[in-house]
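*Asks:* Coordinates for the following, if possible.
(one chain, ligands or ions: 1)
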Amino acid sequence: MSDGGGVAADRTVAIVTGAGSGIGRAAAELFLARGGAVVAVDLTEESLAWTRDVPDPTAVVALAGDVTLEATNAAAVSVAVEAFGHLDVAVLNAGMAGGLQVEDDGAMERFDQIIAVNVRAVALGIRQAAPAMRATSTRGAIVVTASTSGLGGDPRNWAYNTSKAGVINLVRGMAMDYGSQGIRVNAVAPGPVETGMTQRLTTMPQLHASMARRIPLQRWGQPSELAEAIWFLASPAASFIHGVVLPVDGGLSANAGHFDLPERS
Ligand SMILES: NC(=O)c1ccc[n+]([C@@H]2O[C@H](COP(=O)([O-])OP(=O)(O)OC[C@H]3O[C@@H](n4cnc5c(N)ncnc54)[C@H](O)[C@@H]3O)[C@@H](O)[C@H]2O)c1
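*Replies:* A predicted model of the protein is given here:
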């Protein structure tokens, strides 16, 4: 039996933001591989060109837009409901890095931009997705990509640290509001993951290796490992998990940082 756009009602329909690269793309591809339908959102059509080459192109709609605009978030929801008949999941993952110091020229403008993408856009995403989930789904789930950089500080990263700490408590606060509506709200907190965002770091062998040495598993994460955690939190298997921030970080956030870690054997 199918609904609206010919997608079975039990098929997971998800919006994934930041789906043009890295963790978002891996999550979108995993949802598709597991039989879901996806509205893939990112800044440019070019970054979403991969959606044309998936095994079932009818299961994915690419939407170019800026998630800091309410119109983009509204369009993503409309497209999901029009194309696939319902909306079950929003993976609010789009984000930007922000290495800078507070005394740098233009620091406050950059701070505003980082907060707009990493925090405010997540609120906009939930504001638009939740009503559609209430109306069309019995298993609404929102998964936000936070960061271990929201659990502590990094050098030259105060703006990003602030934004990710902010989005962590945004998730907890939203969980208080939406639990009674049957919409679960959770976050993943990735440690270092090899994506477009970290490309500069991964091409510096010494830095790449020294960051790995702080991680108990002694390596960086891959986008597919984040996608699995996002899939789990969005799925009925996580039906009683609500308001959590799940570190997916090879143990980084469990490290008190006092001693050098044993090297990988
Ligand atoms: N890579 C890491 O080590 C790491 C660690 C912790 C958290 N994260 C978080 O993971 C998320 C995904 O990042 P990634 O590592 O996959 O990086 P990425 O740069 O590969 O992907 C991020 C995507 O978000 C998109 N995006 C940025 N601003 C946008 C906007 N205004 N509107 C629409 N799309 C926008 C980008 O175009 C890009 O395609 C981010 O929230 C990031 O902060 C990443």
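*Asks:* mind showing which ranges of the stretch 51-200 of the chain have poor pLDDT?
*Replies:* Across the stretch 51-200 of the chain, not a single residue meets the criterion (pLDDT under 70).
*Asks:* interface residues of it facing the ligand?
*Replies:* 66-68, 93-96, 117, 145, 147, 190, 192-193, 195-198 (C-beta under 6 Å from any ligand atom). The C-beta positions use only the backbone N, C-alpha and C, and glycine is treated the same way.
*Asks:* what number of residues lie near the residue nearest to Ala107 when sequence neighbours are not counted?
*Replies:* Using C-beta to C-beta, 6 or more residues apart in numbering and skipping residues adjacent in sequence, the residue nearest Ala107 is Leu100, 5.5 Å away. Other residues near Leu100 number 19, with proximity taken as other C-beta atoms under 10 Å.
*Asks:* likewise the one 3 residues further on?
*Replies:* For Glu103, the count of nearby residues is 6 (other C-beta under 10 Å).
*Asks:* Now for Glu45: which residues touch it?
*Replies:* 62, 64 (C-beta atoms under 8 Å, 6 or more residues apart in numbering).
*Asks:* Ok, Met211 next?
*Replies:* With contacts defined as C-beta under 8 Å, 6+ apart, the neighbours of Met211 are 192, 201, 220.
*Asks:* rewinding a little: drop anything exposed from the residues of the stretch 51-200 of the chain next to the ligand.
*Replies:* Members of those that pass the buried threshold by neighbour count (16 or more other C-beta atoms under 10 Å) are listed as 67-68, 93-96, 117, 145, 147, 190, 192-193, 195, 197-198.
*Asks:* tell me which of those is nearest to the ligand?
*Replies:* Of all those, the one sitting nearest the ligand is Gly95; the distance, using C-beta to the nearest ligand atom, is 2.1 Å.
*Asks:* ok, how many other residues are close to Thr203?
*Replies:* By other C-beta under 10 Å, 9 other residues sit near Thr203.
*Asks:* Do you know the pLDDT at it?
*Replies:* Confidence per residue is given as pLDDT, and for Thr203 that number is 92.
*Asks:* Which residue ranges of the stretch 151-265 of the chain form strands?
*Replies:* For the stretch 151-265 of the chain, strands defined by DSSP state E, counting those that start in this stretch occupy the ranges 184-190, 245-248.
*Asks:* which of these sits most buried?
*Replies:* Compared across the strands of the stretch 151-265 of the chain, strand 184-190 shows the largest average neighbour count, a mean of 27 (mean count of other C-beta atoms under 10 Å).
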